[in-house]
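**Student:** Requesting a structural model of the entry that follows:
(chains A, B, C, D and E)
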Amino acid sequence: MEILDSIFLNTKKIFLDLLGCWLPDWMILLVNIGIIIGVIAVLGPVIMMYLTLLERKIIGRMQNRIGPNRVGIFGILQPIADGIKMFTKEDIIPQNADKIVHFLAPVLMVIPALLAFAVLPFGRGMIPVNLNVGLLFFIAVSSTSTICVFMASWASRNKFSILGGMRSAAQMISYEIPMVLSVVPVILSAESLSTYAIVEAQARWSGLHWFVFTPWGLLAFIIFFLCGVAECNRSPFDLPEAESEIVAGFHTEYSGMKFALFYMAEYMNTFTVSALAATLFLGGWEGPVLPSWLWFFIKTHALIFVMFWFRGTLPRFRVDQLMGLAWKLFLPLTLINIFVAGGYHLISDRNFRVAGASAVLLVSFLLFTVFLNRKYMPEKRRYDLVD
Amino acid sequence: MFFGLGVLRGLMVTLKNFVTSYFMPPDRGGLFTVEYPEKRLPVIERFRNFPFLVYDKDPENPRCVACEICANECPTKCIYIEKDTDPNKKPLRRPAIFDIDITVCMNCGICEEVCPFDSIYMDHPFEVASSDRLEKLLFHKNDLLKSNDYFHKIRPTHAAAIDARRRAVEEKKKSAAVKPSETGQPPKAQNGGKP
Amino acid sequence: MNIAEVKSYIEKTLPGTKLTIVRDSLLIENPADLPRVAGLLKESDTYRVDYLASITGADYLQYLECVYHLFSMERKIGPVILRARTNRENPSVPSLVPIYRGAEYQEREIFDLFGIFFDGHPDLRRILMWEGLNASPMRKDYQQEDREKLSAEDIRWLDEHGVSVPPEFRESQQG
Amino acid sequence: MELLNLAGIAGVYTLMLVILIAAVAMVTLRSLFHSALALAAVLIGIAGIYLTLQADFLAMIQILIYVGAVMTLIIFAVMLTEHLSHQTVRQNNRQSPLAIAGICAFLFCLTGVIVRTPWPLQPQNQTATITAMELGKAFMGQYVFAFELISVFLIAALIGAIVIARKDK
Amino acid sequence: MPKSYTVQNTDLLDTQTLEVNFGPQHPSTHGVFRMFVELDGEVIVTLKPVMGYLHRNHEQIAENLTYLGIMPYTDRLDYFNAMTNNLGYAMAVEKLAGITVPERAQYIRVIVSEFTRLINHLSLVGFLLNDLGAFFTPILYAFREREKILDVFEEISGSRMMCNYLRFGGVKCDLSPAVLETMKKITRNFPKFLDEFEALLSKNEILCMRCQNVGVLPKELAVNSSITGPVLRASGINYDIRKVDRYSLYDRFRFRVPLGRKGDTYDRYYVRVLEMRESVKILEQALQDIPVGEILNPKTAPFAKAPRNFKPPVGEDYGRIESPKGELGYYVVSDGTPQPWRYHIRAPSFINLTILEDICLGHKVADAIIILGSLDIVLGEVDR
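**Tutor:** Okay, here's the model as predicted:
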């Protein structure tokens, strides 16, 4: 199993040794970095292409229909067909749009999406850059995409995109805070910001050792995942590009390759957020039998399936409910969760701390859903059937 | 009670459909897509699309006698008929021109009901798309004429009932012809009621 | 609840109105007191006619007519049918919108298709046809203009651009 | 290996050049929105400089706080106020000669200071690279009073903002 | 007069209102329907519906056709439920001409119109969820059930949506035993499907959040604006023409009418789900005891062959039925000739739109789309 586990590392080592005989050693360093960059630069778009196909297939199956199967055997070549379509489509720039910013917005949108790949621990020893502030890097990079949304909506100069831009910026900011705070308990218990160290921390623990099996870990996981869905503007929170209201939100005026770039950024964000959620709470590449990188991909794709599942089922929130959920429910819960996680680590007796933590969290959840946010609760409705 | 419960129950429904779509039959949650060009749904017998003219033995003399009842009764006025004339200008009981403008016809089936001579019926093929809108979608007589056994092929029970009724009328006429009828007035073609 | 009973009830409470019975419906001679009759029927507790089902315009060549079908949702009693007739030159009928809000769109439709003015209607404008049309399509004497014929300015534009317009397309529209 | 060092130094200088250009662009660009974007470029450049000095925690915080939050706030304000008609405001006005004089004076003093300092400086107590762990301990240990004071100010500012926002309810 | 919504923020920030056209080609207006909306930020200040894009002067076409020729045109009024349009028109002319309908034909008519009610409510709920953002899943589940019913319609009438199935005095063709069997099977599995559909939707927190207390229609405004159908009953007024007029055989079946209490979008949605359950009850009873017999009144049989000599006596008549969208009325004036003198349709969708502005004021843009969806309008019927 060891060979299969570090198969990629060995191939790279063999390749570098082969090159080593006639290249100076500092050149080898550059080639090493070049390989890593090349892998990410290829991995990102390919993942994006096959996520679009996966999404259409999964949602198709949920609706008892087949999903794309015309291009290639099971629709394998469908992403390539979409890519070609996006290339050949005419790239329209609105007449009084601001040319430079209109062009820059999609380009700058893809950069943070690609940068986020740098800190994801794909397998044992297979982490592109082992920053010791990896997690903070991820959050900082994903927060810069708000500016690109602004640029896109402001440059297209039409009412719908301005509305969409404002909404999505407000949504991204208000969901960033609970997302950051829900990660604090994980840092607290792993005592390090580096994603690699966090995965090792989860391996070190005794018994069921992933953070998701601790009470505060479960709540933090749910909130982190939901905020991740909101960050990528996906299903229940996909207000900015709500077709039924404002035609296509901030990327109304984009077509052709620029629209494909927005699309690519969204799907890469989906992948990176699910990958990070898997790393922080589901033990990253930690797994009994299979090789480490396979575990990483299984967990990530499980979470991606959940995201597509949301898209296939749930209706959309309205603007004020969306904001209300972030500020009035997620934020207080994450703060309480940090206290509980702190207390959890101080108490040594195992089952008392689990019971205590889960009791406190349950009470606070009910407090915030049933008592304080009475307005958002569904009302009991009675209907009388008369002759 | 619990905030997220309704959403979870909804998710379970879609998950059930996702799982059953792999092995269940179409009407119990399985895949009900029919991949159109390769596999097709069976055409239902009473399905009515654009009309066609029936002829018994040869396309030269169809059942239609150019009485223009269907042209008058058609709500969208999409039928145009011109009587045929023999060499010395005596009108014959046969249509020279029988055009149906497919783009105007809304396949309502009224011409089929009002035709006293069982000569026009609604056809089944629906793939009549063509590149030219004016010329190709104006069906002339020879595009419309189809044999009686074609009629039997696409609408077996209905065609059988029509033929039974026509044979009954034939016998009655023959028996009436054998016994010289007093009034000498040929029995009026008995209009066929619907089965 | 036959129409004669309703007629006597209205004449008893509103002495000034002239009513005649036309085929189980009540014709109101002069349309001016239509709102009064409708208001009376709505408030009266014997009939409580609170639901205006439909208003229909009709063109009877000598006069234009509006037929009102009224029902009572509370007492679930059948249609009370009122009629109001106006001449064809400048047809006008008092609007029922202050009494029944439901009449708003139906009166606008009748104005659009028949050209009957409803005075007292909050915003009387065409609802189905485009504003430019100055004809009433549902009248019996409506002649749809012949689209084959080109209008004057089209021909002028074509002439300027050196296109010779054949005579049958020459503008011969009437009105 | 010296090639790598050279490349590193060249990289740092180009980074500084980019920051300078972005800063000048920020001041001179006609449209408000473009200058806001130039400001964002400047801030990211500064984070880059932190990275070259191995203060990666600080760089990440810089991006998170400034580019993520402060820039978004500025752009929100710009978009809310600037009408769709997009008039561009003229940058230089009558007082520009006075401003140039001020800048030259400032530059003069700066070069004076730079020339007098003995290069290369030897950092006195260059401890190990400062990691997030020590920073956290310092916050909670030595500088806990300052830390608490700042958080009180932030809370006050937050509550103040909410009160102003609710004024028209 | 619709109460106007005053712009509240009076401080120095002079925000102008944003005029937006939810134009004829908007992804979620059901057909060619335009709403001119004035927005103050997100909130709607004024909303003016603009219609007429699909107007084809159906009533004037009918004046130049025979009574039978009009029947296929009535399919195209509310193209979702062709059968109930036919039923309304057929009953109006039968009342005018004094034609009785045999027993079996009455049963077939009830079965067919209850199936149409199922189709209509299914599609409405599907489209409403589609406007809410659920990515096509509810509508595809609804359309899966609708396909089964449409196949039955094709079996009996020859066409799935444009059925042209009813004739004056009965129906065009008879139901074969096989068709009756499939109908029974559909009605047997329908409650099971409805439970699954409700599990997906009714208790969904997001749906409740988005639909409850949105677009509340008070009782007296509903009656005064002559609103009919599920929209009226969702506001709590017990007025179902099947119970009021007891037309055709509806007094023979035991079924109840669901009434809402608050009259908001959620009530309009749930009243339709309950109505679907009642329709299934009617269908079970009707399919149970459908008698054997002729399906066309022998007196009117010859008119099928020669529609020209079907001349109802001089007079006028207003026949109305409970179509899935509300009270569908046909006012037919005959002058003894085979062509009607005046033919007017009281379209429920057209009149239900009068209150669209009243219930949308003060709500957000996203709510206006859902409120329009819950009113269930079909443009073929609105513009006629």
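**Student:** Let me see the ranges of the helices in the stretch 101-250 of chain A.
**Tutor:** A:134-143, A:145-155, A:159-190, A:195-204, A:215-231 (DSSP state H, counting those that start in this stretch).
**Student:** By mean pLDDT, flag the weakest helix or strand of chain C.
**Tutor:** helix C:152-160 (a mean of 79; mean pLDDT, DSSP states H and E).
**Student:** returning to that earlier point: so which of the helices of the stretch 101-250 of chain A gets nearest residue B:68?
**Tutor:** For the helices of the stretch 101-250 of chain A, the distance to residue B:68 is smallest for helix A:159-190, at 56.2 Å, taking C-beta to C-beta. C-betas here are computed from N, CA, C, even on glycine.
**Student:** Show me the shaky parts of the stretch 1-150 of chain E.
**Tutor:** Counting by pLDDT under 70, the stretch 1-150 of chain E shows low-confidence ranges at E:1-15, E:23, E:25-30.
**Student:** scratch that, chain C is what I was asking about
**Tutor:** For chain C (pLDDT under 70), the answer is C:1, C:146-149, C:169-175.
**Student:** ok, and the closest residue to chain D within it, which helix or strand is that part of?
**Tutor:** Residue of chain C nearest chain D, by C-beta to the nearest C-beta: residue C:131 (28.9 Å). Assigned by DSSP states H and E, residue C:131 falls within no helix or strand.
**Student:** how many neighbours does it have?
**Tutor:** 7 (other C-beta atoms under 10 Å in any protein chain shown).
**Student:** Can you tell me the closest non-neighbouring residue to it?
**Tutor:** Leaving aside its sequence neighbours, residue C:131 sits nearest to residue C:125 (C-beta to C-beta, 6 or more residues apart in numbering or on different chains; 7.4 Å).
**Student:** Contact distance from chain E - what residues of chain B qualify?
**Tutor:** Proximity of chain B to chain E, by C-beta under 8 Å from any C-beta of the partner chain, involves residues B:3-7, B:9-10, B:12-14, B:16-17, B:27, B:32, B:44, B:46-48, B:69, B:72-73, B:75, B:106-110, B:113-114, B:116, B:122, B:191, B:193-194.
**Student:** Please narrow those to those residing in strands.
**Tutor:** With strands taken from DSSP state E, the overlap with those comprises residue B:122.
**Student:** low-scoring stretches of the chain, by residue?
**Tutor:** You didn't pick a chain, so chain A it is. Checking chain A against pLDDT under 70 turns up A:1, A:204-208, A:240-248.
**Student:** Actually, chain D is the one I wanted.
**Tutor:** Ranges of chain D meeting pLDDT under 70: D:1, D:82-92, D:120-130, D:167-169.
**Student:** ok so, going back, starting at the chain centroid, how far to the least confident helix or strand of chain C?
**Tutor:** Offset of helix C:152-160 from its chain centre (C-alpha atoms, centre = their mean, to the nearest Å): 39 Å.
**Student:** re earlier: and among the helices of the stretch 101-250 of chain A, the most buried is which?
**Tutor:** helix A:145-155 (a mean of 26; mean count of other C-beta atoms under 10 Å in any protein chain shown).
**Student:** tilt between it and helix A:159-190?
**Tutor:** 180 degrees (axes from the mean of the first three to the mean of the last three C-alpha atoms, to 10 degrees).
**Student:** right, quick check: helix A:145-155 against chain E, any contact?
**Tutor:** No: for a cut-off given as C-beta under 8 Å from any C-beta, helix A:145-155 has no contacts with chain E; the smallest distance is 14.5 Å.
**Student:** ok now that helix, how far from the chain's centre?
**Tutor:** On the basis of C-alpha atoms, centre = their mean, helix A:145-155 sits 19 Å off its chain's mean C-alpha point.
**Student:** what residues are up against residue E:142?
**Tutor:** Residues near residue E:142 by C-beta atoms under 8 Å, 6 or more residues apart in numbering or on different chains: E:122-123, E:125-126, E:197.
**Student:** Looks to me like it is in a helix.
**Tutor:** Yes: secondary structure of residue E:142 (DSSP: H, G, I helix; E, B strand; the rest coil): part of a helix.
**Student:** what's the domain layout of chain C?
**Tutor:** As assigned by automatic domain parsing, chain C contains the domains C:3-137, C:145-175.
**Student:** Which positions in the stretch 1-150 of chain A make contact with chain E?
**Tutor:** A:59, A:62-65.
**Student:** ok, so of those residues, who is nearest residue E:288?
**Tutor:** Distances from residue E:288 to the residues of the stretch 1-150 of chain A next to chain E, taken by C-beta to C-beta, are shortest for residue A:64, at 30.9 Å.
**Student:** Assign a three-state SS to that closest one, would you?
**Tutor:** coil.
**Student:** pretty sure it is touching residue B:25, no?
**Tutor:** No: using C-beta atoms under 8 Å, residue A:64 is not in contact with residue B:25; the gap is 11.2 Å.
**Student:** more neighbours, those two?
**Tutor:** residue A:64 (21 against 10).
**Student:** which residue packs closest to that one, ignoring adjacent ones?
**Tutor:** Going by C-beta to C-beta, 6+ apart, residue A:64 has residue B:21 as its nearest residue, at 4.9 Å.
**Student:** Thanks a lot, catch you later.
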